[in-house]
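In: predicted model and sequence below, questions to follow.
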Amino acid sequence: MSAYLVASRYALLAMAKNRLAAVLLIVFIPLWITVAKTLTTPKTFPFRLRATGTWLRAGGDEITMISGSLNAVSLLVGFLMFSAARRTRAFDRRLTAAGYPATALMGAKLTTLAVASVLVSAYATAWMLLFWSPLQPVLLGVAVLAVCLVYGAMGMCLALFLRGEVEGLVTIIMTSIIDLAPQSPVASTTADKPLVEFLPSYGSLQTSLAAGFTRGVTLSPLLHSAAWLTGMITTALVAFALHTRVHRPSRLRREG
Amino acid sequence: MLGPGRPGADVSRQPAVALRVEAVRKGFGSRQVLRGVSFEARAGQLLGIVGENGAGKTTLLRVLSGDLRPDGGRVALVGTRGYCPQHPVLDEELTVRQHLRLFQVAYRLPSPGSALRLIERLSAADYLDAQVKVLSGGTLQKLNLVLALMHDPDVVLLDEPYQGFDWETYLRFWDLAQELKDRGRTVIIISHLAHDTERLDVLHHLRDGLLETSPPTDTT
């Protein structure tokens, strides 16, 4: 089995043992979606979809559910990837010093990010579909997947700077709140501040709203997500490569 | 046995130098920890470095292992090295067997045979499928040590390798060290205790960032 396959298999096995993340996945996501859909107002009101400039009408409960779901999956995948990167930080260094190919370990990390994001986004999208029939369910799934990938990569980056698990969790929670709250159509119906386009979940929220309430396929906001993802992954991988550098000694010639 | 043996040392002449450390300096901020450490270790030598807490022993071994870049000086060695850090560096979510598999890949070993034999010798075979996070401190240290030795390196760097060992395992550790030495490997052991010194061929004291060599110990 190749170095990449061994590392990926063990990284996925280790991730599956993260009990807190499993509880959050099984309980927190359905709870958030249920609360958002059942306790908030179904009254419809108009808002402008910034990505297309069109005015739409949607129920407050549906908008809150979309926003809440993106918030929940961001926290979960962000925490999962932060936790894994933090746990293996010193061990990865020892492994690469022993000769393990760093590229195989990087590949395993990206595989873990992809698998976690696909699983969590599919699960959250399925729960949303239980309560609601968006016009483009597949596009909704893609939007949720995008935010999972962005926050997962962000978790990997945060593990470079933050040591404690609580520090990481709090930072991810605060980032997600600051990211999503100002761009929710409930809070900002006109979305007329250009700065919202620079927020990490802008692409996912715009795409989710387009998937829920329009029939047009609007992929341009996902370019914002792709830019965030590329930036985060590049930072995490460069930092990983620097962190696992080994200072090779000079070779001493074997004497007869 | 740890692995294939090598031709025995020719007793008629001095064994070859396997590790050469020249004027190594390392500081952290304004604090100079190593201020020009130099020494040589030969094949088949058990070399000890002792010193008080904070003397820089671990920093020296981290420089020798390649974990830290020295600010100045040079480290040169023959062949491969194995490094056992002071605190076990492991993945708490994986089992002992999974660790052995990862390091088998890292060292490009065709089979895990040598690692399994070492685990057996250190009486840790019952824990092969246990997750590292449930192991005792002594068993963690056994795994930490096996990961440094399983590829039969030419130069073995051990930082307080027997902490947490019970008496039986401690004695087995010294048997292993003696075996490595007999097969021409170079073993560098760091300790803050001086009571093992009769087992060593050479003893250095690290004091104020410099090495002071003790006269060869009487090994009767």
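Out: Perfect, thanks for sending it.

In: SS state for the closest residue to residue A:16 other than its chain neighbours?
Out: Nearest residue to residue A:16, sequence neighbours excluded (C-beta to C-beta, 6 or more residues apart in numbering or on different chains): residue A:22, at 7.9 Å. Quick note: C-beta positions are derived from backbone N, CA and C, even for glycine. Assigned by DSSP: H, G, I helix; E, B strand; the rest coil, the conformation of residue A:22 is helix.

In: relative to chain B, how far out is residue A:22?
Out: Counting by C-beta to the nearest C-beta, to the nearest Å, the separation of residue A:22 from chain B is 13 Å.

In: make sure residue B:38 is indeed in a strand.
Out: Yes. Applying three-state DSSP, one finds residue B:38 inside a strand.

In: so it sits against residue B:19, correct?
Out: No. When contacts are counted by C-beta atoms under 8 Å, residue B:38 is not listed as touching residue B:19 (11.4 Å).

In: so between the two, which is more surrounded?
Out: Set side by side, residue B:38 and residue B:19 show more neighbours around residue B:19, with 25 against 13, by other C-beta atoms under 10 Å in any protein chain shown.

In: check which helix or strand covers the more buried one.
Out: Assigned by DSSP states H and E, residue B:19 belongs to strand B:17-28.

In: go on, residue B:34?
Out: Using DSSP H and E, residue B:34 falls within strand B:31-42.

In: immediately after that strand, which helix or strand?
Out: Proceeding N to C from strand B:31-42, the next assigned helix or strand is strand B:46-50, under DSSP H and E.

In: close to chain A: what parts of chain B are there?
Out: Within chain B, the positions adjacent to chain A are B:16-20, B:64-70, B:74-79, B:81, B:83, B:85, B:89-94, B:98, B:101-103, B:105-108, B:131, B:147, B:151 by C-beta under 8 Å from any C-beta of the partner chain.

In: in helices, which of the residues you listed fall?
Out: The members of the residues of chain B next to chain A that map onto helices under DSSP state H are B:64, B:65, B:98, B:101, B:102, B:103, B:105, B:106, B:147.

In: in the stretch 101-250 of chain A, what residue lies closest to chain B?
Out: The minimum distance from the stretch 101-250 of chain A to chain B, using C-beta to the nearest C-beta, falls at residue A:250 (3.9 Å).

In: from residue A:97, how far off is that residue?
Out: 17 Å (C-beta to C-beta, to the nearest Å).

In: okay, the two: which has more neighbours?
Out: Between residue A:250 and residue A:97, residue A:97 has the larger neighbour count (other C-beta under 10 Å), namely 21 against 10.

In: re the thing from before, buried subset of the residues of chain B next to chain A?
Out: Among these, those classed as buried by 16 or more other C-beta atoms under 10 Å in any protein chain shown are B:16-20, B:64-68, B:70, B:75-79, B:81, B:83, B:85, B:89-94, B:98, B:101-103, B:105-107, B:131, B:147, B:151.

In: and the strands in the chain?
Out: Unless you meant another one, I'm taking chain A. Under the criterion DSSP state E, chain A contains strands at A:44-49, A:54-59, A:250-251.

In: actually it's chain B I care about, not the one you picked
Out: Ranges of strands in chain B, per DSSP E, are B:17-28, B:31-42, B:46-50, B:72-77, B:81-84, B:155-159, B:186-191, B:202-207, B:210-213.

In: need these in CSV with mean pLDDT, can you?
Out: Below are those laid out as CSV (pLDDT from 0 to 100):
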stretch, mean pLDDT
strand B:17-28, 95
strand B:31-42, 94
strand B:46-50, 93
strand B:72-77, 94
strand B:81-84, 95
strand B:155-159, 96
strand B:186-191, 93
strand B:202-207, 92
strand B:210-213, 84
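
In: make CSV out of those strands and add distance to residue A:141.
Out: Formatted as CSV, the strands of chain B follow (distance: least, C-beta to C-beta, whole Å):
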stretch, distance to residue A:141
strand B:17-28, 50
strand B:31-42, 54
strand B:46-50, 59
strand B:72-77, 54
strand B:81-84, 47
strand B:155-159, 50
strand B:186-191, 55
strand B:202-207, 60
strand B:210-213, 63
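
In: which one of the ones you listed lies nearest to residue A:217?
Out: With C-beta to C-beta, the closest approach to residue A:217 among the strands of chain B belongs to strand B:81-84: 54.8 Å.

In: what packs against that closest one?
Out: Packing partners of strand B:81-84 (3 or more C-beta pairs under 8 Å, 6 or more residues apart in numbering or on different chains; DSSP states H and E): helix B:57-65, helix B:137-149, strand B:155-159.

In: and residue B:117, which of these is closest to it?
Out: Once the helices and strands packed on strand B:81-84 are compared by C-beta to C-beta, helix B:137-149 is nearest, at 9.5 Å.

In: packing partners of the closest one?
Out: Helices and strands touching helix B:137-149, by 3+ C-beta pairs under 8 Å, 6+ apart, are strand B:81-84, helix B:96-106, helix B:113-121, strand B:155-159, helix B:167-182.
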